[in-house]
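Visitor: Got a predicted structure here, sequence first:
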Amino acid sequence: MLEINHVTKVFFPGTVNEKVALEDINLKVNEGDVISVIGSNGSGKSTLFNMIAGTFPVTSGTIKLDSKDITKEKEYKRAFYMGRIFQDPTKGTSGNMSIKDNLSLSLTKGMKGLKFSYNNKKKAQFEELLKPIHLSDRLEDNVGLLSGGQRQALTLIMACLSKPRLLLLDEHTAALDPENARIVMELTKQYITKEKLTAMMVTHNMQFAIEFGNRLIMMDEGHIIMDVSGEEKKNLTIPILIERFKSLSKKEYTSDEGLLTH
Ligand SMILES: Nc1ncnc2c1ncn2[C@@H]1O[C@H](COP(=O)(O)OP(=O)(O)OP(=O)(O)O)[C@@H](O)[C@H]1O
């Protein structure tokens, strides 16, 4: 469904600050793929997401979604059919609006002018959605009152509610304490399965990367150096990942921390 062909991204080309963040990336994401994206700091993970989401233009190469060339399509247009959740829990929701209004907004995403009416049926639907995160009785509360974990869980529900063609999770549990990170991670897996979404998740948490999805890609210095799925993915362990990283990484000296740290 997503095809990335020969994508290169160079920041500040032709200057002393020139930085090749992605070099000739080729990646085919299949319908229903759920992919962990790992790699050391500065390896290009966020830049890859920024290219897919249209945050920055590619330097060269093409990106197609469902066979349509979206390489030059603006970010706000891609946002109608792509969901993205960031590390910062305040980014995906409006803090000065109620939980109810935030949820209503995500339901109308992509409806283009169609009127949304909030009624008892919608209220019951929202309460049901909020049950797993224990917020059913707080529909009228402002989102700004929620904790980081609650807010990120709400962002996740909202992103899944709009049924994106592709969901991009950009270290979405990194700012949470371990317990909330685990809760949000479990919800993420549940919603992706329930809504049959195609998703990619950047993480520095190797355990989450191993447990998440059917496929894992590893990046290093702007390249995809490993792409595993199926049985090979199922059999991954943290020591195997670190060993593969050490043998595949271009860096002369590569420590475990290179892959694991934030
Ligand atoms: N807007 C930008 N302007 C200039 N250079 C950038 C920009 N964004 C990223 N880079 C550079 O591109 C390279 C890749 O960065 P990127 O943020 O994609 O890495 P990452 O794998 O997401 O790292 P991290 O795990 O630390 O978040 C880095 O050298 C970074 O400094």
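Guide: Received the coordinates, thanks. Model, not experiment: these values are computed from the prediction.
Visitor: Could you check how far the nearest residue to Asn17 once chain neighbours are set aside is from Phe49?
Guide: Nearest residue to Asn17, sequence neighbours excluded (C-beta to C-beta, 6 or more residues apart in numbering): Phe11, at 7.3 Å. C-beta coordinates here come from the backbone N, C-alpha and C atoms, glycine included. According to C-beta to C-beta, to the nearest Å, Phe11 and Phe49 sit 15 Å apart.
Visitor: who's more crowded, the two?
Guide: Taking neighbours as other C-beta atoms under 10 Å, Phe11 and Phe49 compare with Phe49 leading, 21 against 14.
Visitor: Show me which positions of the host helix or strand of the more buried one end up buried.
Guide: Using DSSP states H and E, the element containing Phe49 is helix 45-53. Buried residues in helix 45-53, defined by neighbour count with 16 or more other C-beta atoms under 10 Å: 45-53.
Visitor: Quick check: the gap between the residue nearest to Asn17 and the ligand.
Guide: 4 Å (C-beta to the nearest ligand atom, to the nearest Å).
Visitor: ranges for the helices of the stretch 151-262 of the chain?
Guide: Ranges of helices in the stretch 151-262 of the chain, per DSSP state H, counting those that start in this stretch, are 178-194, 206-211, 230-234, 238-248, 256-260.
Visitor: So which of the ones you listed is nearest Thr71?
Guide: With distances scored as C-beta to C-beta, the stretch of the helices of the stretch 151-262 of the chain nearest to Thr71 is helix 178-194 (26.2 Å).
Visitor: So which other helices or strands are in contact with that closest one?
Guide: Under the contact criterion of 3 or more C-beta pairs under 8 Å, 6 or more residues apart in numbering; DSSP states H and E, helix 178-194 touches helix 148-161, helix 206-211.
Visitor: between it and helix 148-161, how big is the angle?
Guide: With axes from the mean of the first three to the mean of the last three C-alpha atoms, to 10 degrees as the basis, helix 178-194 and helix 148-161 are set at 10 degrees to each other.
Visitor: So what's the gap between helix 178-194 and the chain middle?
Guide: Distance of helix 178-194 from its chain centroid, counting by C-alpha atoms, centre = their mean, to the nearest Å, is 13 Å.
Visitor: Run through the bridge partners of Leu167.
Guide: Beta-bridge pairing for Leu167 (DSSP bridges): Gly83, Ala199.
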